[in-house]
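K.L.:
Build the 3D model from these lines:
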Amino acid sequence: MSSTQSVTRRILRNPNTVVSTCQAKQLHAQIVKARATPHSHSLAWLCIIKCYVAHGLLRHSLAAFNLMRASGVCPHRHAFPSLLKASTLLKHFPLAQSLHASAIRLGFHFDLYTANALMNVYSKFHSHNVFDQFSQTLQYHNNYNNTNSDNNNFAVKIDCVRKVFDRMPVRDVVSWNTVIAGNAQNGMYEEALDMVREMGRQNLRPDSFTLSSVLPIFAEHVDVIKGKEIHGYAVRHGFDKDVFIGSSLIDMYAKCTHVELSVRAFYLLSNRDAISWNSIIAGCVQNGRFDQGLGFFRLMLTEKVKPMQVSFSSVVPACAHLTALNLGKQLHGYIIRLGFNGNKFIASSLVDMYAKCGNIKMARYIFDRIEMRERDMVSWTAIIMGCAMHGHALDAVSLFEMMLVDGVKPCYVSFIGVLTACNHSGLVDEGWKYFNSMKSEFGIAPGLEHYAAVADLLGRAGRLEEAYDFISNMAVEPTGSVWSALLAACRAHKNIELAEKVVDKVLLVDPENMGAYVMMSNIYSAAQRWRDAAKLRVNMRKKGLKKTPGCSWIEVGNKVHTFLAGDESHPYYDKINEALSILLEQMEKEGYVLDTKEVLHDVDEEHKRNLLRTHSERLAIAFGIISTTAGTTIRVIKNIRVCVDCHTAIKFMAKIVGREIIVRDNSRFHHFRNGSCSCGDYW
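P.N.:
Okay, the predicted model is just below:
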């Protein structure tokens with residue numbers, strides 16, 4: 001028996017047989033050489049086409065199809081599902097249309113497998129109306145002349161996937177699943193659910209693919225009740241251990257904020273693939289459980305499951321939120337080893353991670369290596385926001401202009417970045433220009449963050465009354481955070497009279513705004529209006545409000561160390577205290593004078609000194625100095641605003657130890673170098 005006959009018979013015995021690429025090419029060559037009759041080799045051509053598609057040689061399969069037609073061979077009806085799959089993978093919609101037309105002419109369009117493939121193609125191409133151009137041809141070839149008079153109207157209203165489905169003389173579960181999945185993927189959720197109900201009325205039992213198609217609908221609608229009903233059905237029919245169902249359940253519960261149920265569904269899976277691992281990691285990260293998400297990522301590596309590119313779209317942002325720079329660097333190295341660093345989405349995540357972890361130089365380095373044509377709104381916004389947060393205002397403005405020249409339309413967040421940059425560099429006119437262009441040029445309605453940025457911009461420039469009028473005449477109701485931006489400006493410019501008006505505005509819309517109470521108390525204390533400061537603190541206590549305790553953390557040796565103000569529990573506290581005492585002595589020789597204006601007046605001076613010198617950021621910085629080698633940059637994160645005295649003290653510390661000290665508080669990054677700070681002493 002010839003090799004041609006052998007391979008052909010294998011395919012006929014089992015249509016799912018996948019032959020080697022080498023066999024397909026040999027078969028291809030033998031058929032062309034033989035020039036035998038068309039009918040005798042249509043099955044052999046089918047073998048070649050199926051093989052090429054199975055091995056990803058999509059253009060080879062199309063070339064074989066064209067050569068077959070040129071040779072006068074009529075295609076086998078089973079060739080069209082493979083060819084349609086090739087057109088989908090190539091994202092070549094005109095080719096799919098051409099194949100559809102060929103199937104109609106040959107009478108294969110009602111073949112069960114071809115019709116299923118057609119529905120899948122149109123679903124993937126999000127083509128709801130394109131089928132209309134074929135409706136007349138379909139009517140002609142299938143005697144639809146006796147349909148009712150509103151058939152044309154029906155053709156306009158019903159999408160192409162449903163049209164193929166409705167005209168199929170025989171349907172199987174795959175047919176139903178294809179149209180259900182197509183509706184779900186295109187956002188036609190009610191239509192998808194209606195199809196599931198209709199499927200039941202036709203006495204067809206939904207399978208695992210059906211369930212995995214409808215579960216994302218309940219995730220999208222945050223409908224955990226119906227999601228649980230589907231879960232119950234899956235358990236009763238033995239589908240709950242299916243990896244696709246399991247992954248869909250994990251995703252559904254996570255998007256409905258039921259993370260514990262998501263974790264339970266994950267552990268109930270006997271076999272876990274990369275998709276199920278990605279689902280649980282993403283679910284944890286999306287719900288703010290960053291440590292847990294990273295824990296699952298480590299466990300995935302332990303289980304020898306190779307991460308997919310999408311895995312890093314979750315774990316890199318987790319490092320950004322935790323400001324875990326060392327772990328982020330390790331992930332970056334892993335990304336490079338896997339060859340994923342060319343992915344623009346991962347690159348954008350890395351830009352954001354490095355910026356939020358305090359390494360803006362590395363963020364810019366990665367951004368500059370993203371090819372210009374690959375830079376999208378996400379990557380541009382990440383670097384603009386990063387530069388703005390770090391006080392690199394002119395760089396942020398320049399990047400924003402480059403983005404516009406590149407033809408990338410800015411988004412809501414892009415404008416927050418450029419307005420923040422204008423604020424930090426005092427570019428009032430430019431800030432106004434960008435703010436006004438949001439609606440007029442880009443159709444973006446300014447939000448509270450944009451109004452707060454402009455108010456802060458005017459306040460920083462000393463135009464306090466103008467800022468007050470601007471907030472009072474906002475198009476939306478100002479929140480406490482918007483008024484608080486002006487309150488901070490009043491503190492910086494020592495305008496107590498306006499500060500009193502502004503704090504009333506803050507507390508009117510946000511009566512429990514702790515930050516406003518503390519800031520106004522500090523304003524009074526700085527002006528030595530001790531009675532007013534004490535009165536505010538009494539009001540705080542009456543309302544049961546407590547000042548948020550200062551907390552700082554620093555990453556040393558892949559471990560995060562946390563410090564509270566006045567905390568003596570750290571195992572290295574004695575060494576930290578000794579280092580602070582030596583530093584304070586050197587700082588005083590350099591001209592440092594303790595600033596106790598914002599400390600309560602009914603505390604003696606020695607106690608004031610001890611309160612200030614044990615603020616959490618000082619403890620973290622001292623620990624960083626004694627735990628790292630000379631010249632190492634120290635990066636500290638703090639949960640609340642750095643006080644005036646600590647800000648001054650850290651400038652002296654950076655100068656004395658000859659290091660860059662980066663502190664991120666709740667408003668921005670402070671880069672301390674050689675006795676100065678990147679914020680220009682305004683924060």
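K.L.:
What helices and strands are in contact with the lengthiest helix in the chain?
P.N.:
Counting residues, the longest helix found in the chain (DSSP state H) is helix 573-589. Counting contacts by 3 or more CB pairs under 8 Å, 6 or more residues apart in numbering; DSSP states H and E, helix 573-589 packs against helix 616-627, helix 644-657. Any C-beta I mention is one placed from the backbone N, CA and C, and that applies to glycine too.
K.L.:
List the contacts of the helix or strand following the longest one.
P.N.:
I take that to be helix 644-657. Once the chain leaves helix 644-657, the next helix or strand it forms, by DSSP states H and E, is strand 661-664. With contacts defined as CB atoms under 8 Å, 6 or more residues apart in numbering, strand 661-664 is touched by 323, 358, 617, 621, 633-638, 642, 650, 653-654, 669-672.
K.L.:
Relative to the whole chain's centre, how far out is strand 661-664?
P.N.:
Strand 661-664 sits 26 Å away from the centroid of its parent chain (CA atoms, centre = their mean, to the nearest Å).
K.L.:
Could you list the paired strands of that strand along with their orientation?
P.N.:
Here strand 661-664 has these sheet partners by DSSP bridges: strand 634-638 (parallel), strand 669-673 (antiparallel).
K.L.:
Tell me where the stretch 51-200 of the chain is predicted with low confidence.
P.N.:
For the stretch 51-200 of the chain, the stretches flagged by pLDDT under 70 are 70-71, 97, 107, 109-110, 112, 119, 122-162, 164.
K.L.:
what about the helices in it?
P.N.:
58-70, 79-89, 93-106, 112-124, 135-141, 151-157, 160-166, 173-185, 189-201 (DSSP state H, counting those that start in this stretch).
K.L.:
Can you say which of the contacts of strand 661-664 are buried?
P.N.:
Neighbour counting by 16 or more other CB atoms under 10 Å classes 323, 358, 617, 621, 634-638, 642, 650, 653-654, 669-672 among the contacts of strand 661-664 as buried.
K.L.:
Kindly list the single helix or strand of this protein that scores lowest on mean pLDDT.
P.N.:
Ranked by mean pLDDT, DSSP states H and E, the weakest helix or strand in the chain is helix 151-157, scoring a mean of 34.
K.L.:
Okay, now the unreliable bits of the stretch 501-650 of the chain?
P.N.:
Short version for the stretch 501-650 of the chain, where the test is pLDDT under 70: 598-608.
K.L.:
List the contacts of residue 529.
P.N.:
So residue 529 contacts residue 496 (CB under 8 Å, 6+ apart).
K.L.:
Got the phi and psi for it?
P.N.:
Taking degrees, to the nearest 10, you get phi -100, psi 70 for the backbone angles of residue 529.
K.L.:
now residue 559
P.N.:
Dihedral angles phi and psi of residue 559 (degrees, to the nearest 10) take the values phi -130, psi 140.
K.L.:
hey, where'd the strands end up in this structure?
P.N.:
Per DSSP state E, the chain carries strands over the ranges 551-556, 559-564, 634-638, 661-664, 669-673, 676-677.
K.L.:
So which elements touch the shortest one?
P.N.:
Contact partners of strand 676-677 among helices and strands, from 3+ CB pairs under 8 Å, 6+ apart: helix 644-657.
K.L.:
which secondary structure elements does the helix it packs on contact?
P.N.:
Helix 644-657 packs on helix 573-589, helix 605-613, helix 616-627, strand 661-664, strand 669-673, strand 676-677, going by 3+ CB pairs under 8 Å, 6+ apart.
K.L.:
who wins for proximity to residue 332 among these?
P.N.:
Each of these has some distance to residue 332 by CB to CB; the shortest is strand 661-664, at 18.7 Å.
K.L.:
That closest one - what's its average pLDDT?
P.N.:
For strand 661-664, the mean per-residue pLDDT is 96.
K.L.:
And stretch 433-448, by the same measure?
P.N.:
The pLDDT scores in stretch 433-448 average 96.
K.L.:
mind saving the C-alpha coords of it as CSV?
P.N.:
C-alpha atoms of stretch 433-448 as CSV (Å, rounded to 0.1, in the frame of the first residue of the first chain):
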residue,chain,number,x,y,z
LYS,A,433,-4.8,74.6,29.4
TYR,A,434,-4.8,70.9,30.0
PHE,A,435,-7.8,71.1,32.3
ASN,A,436,-9.9,73.0,29.8
SER,A,437,-8.8,70.7,26.9
MET,A,438,-10.3,67.6,28.7
LYS,A,439,-13.9,68.3,27.7
SER,A,440,-13.4,70.6,24.6
GLU,A,441,-10.8,68.4,22.8
PHE,A,442,-11.1,64.9,24.1
GLY,A,443,-14.6,64.7,25.4
ILE,A,444,-13.5,63.7,29.0
ALA,A,445,-15.6,65.1,31.8
PRO,A,446,-13.3,66.3,34.6
GLY,A,447,-13.6,64.3,37.8
LEU,A,448,-13.0,65.0,41.4
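K.L.:
what comes up buried for that stretch?
P.N.:
Going by 16+ other CB under 10 Å, stretch 433-448 has these buried residues: 434-435, 438, 444, 446.
K.L.:
and it, how far from the chain's centre?
P.N.:
Here stretch 433-448 is found 24 Å from its chain centre; the criterion is CA atoms, centre = their mean.
K.L.:
Domains of the chain: list them as residue ranges, please.
P.N.:
With domains defined by automatic domain parsing, the chain comprises 447-547, 551-677.
K.L.:
In a markdown table: those domains, plus distance to residue 263.
P.N.:
Shown next, in a markdown table, are those (distance: least, CB to CB, whole Å):
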| stretch | distance to residue 263 |
| --- | --- |
| domain 447-547 | 33 |
| domain 551-677 | 23 |
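K.L.:
out of these, nearest to residue 92?
P.N.:
The nearest among the domains of the chain, by CB to CB, is domain 447-547 at 40.9 Å.
K.L.:
ok, the residue nearest the centre of the chain - contacts?
P.N.:
Taking CA atoms, centre = their mean, the centroid of the chain lies closest to residue 313, which sits 6.7 Å from it. Applying CB under 8 Å, 6+ apart, we find residue 313 in contact with 282, 345-346, 349.
K.L.:
so how far is residue 285 from it?
P.N.:
Residue 313 sits 9 Å away from residue 285, going by CB to CB, to the nearest Å.
K.L.:
try residue 422
P.N.:
32 Å.
K.L.:
Of these two, give the one with the bigger neighbour count.
P.N.:
The neighbour comparison of residue 422 against residue 285 (other CB atoms under 10 Å) goes to residue 422, with 28 against 24.
K.L.:
my read: that one touches residue 450, true?
P.N.:
No. Between residue 422 and residue 450 there is no contact under CB atoms under 8 Å: 11.3 Å.
K.L.:
Tell me, how many residues neighbour the nearest residue to residue 174 once chain neighbours are set aside?
P.N.:
Excluding the flanking residues, the one nearest residue 174 by CB to CB, 6 or more residues apart in numbering is residue 116, at 5.1 Å. Neighbours of residue 116 under the rule other CB under 10 Å: 23.
K.L.:
give the contact list for residue 116.
P.N.:
81, 172, 174-175, 178.
K.L.:
Which of these has the largest number of neighbours?
P.N.:
residue 178 (26 neighbours).
K.L.:
Now do the phi/psi pair for residue 369.
P.N.:
Residue torsions, per degrees, to the nearest 10, at residue 369 are phi -100, psi 0.
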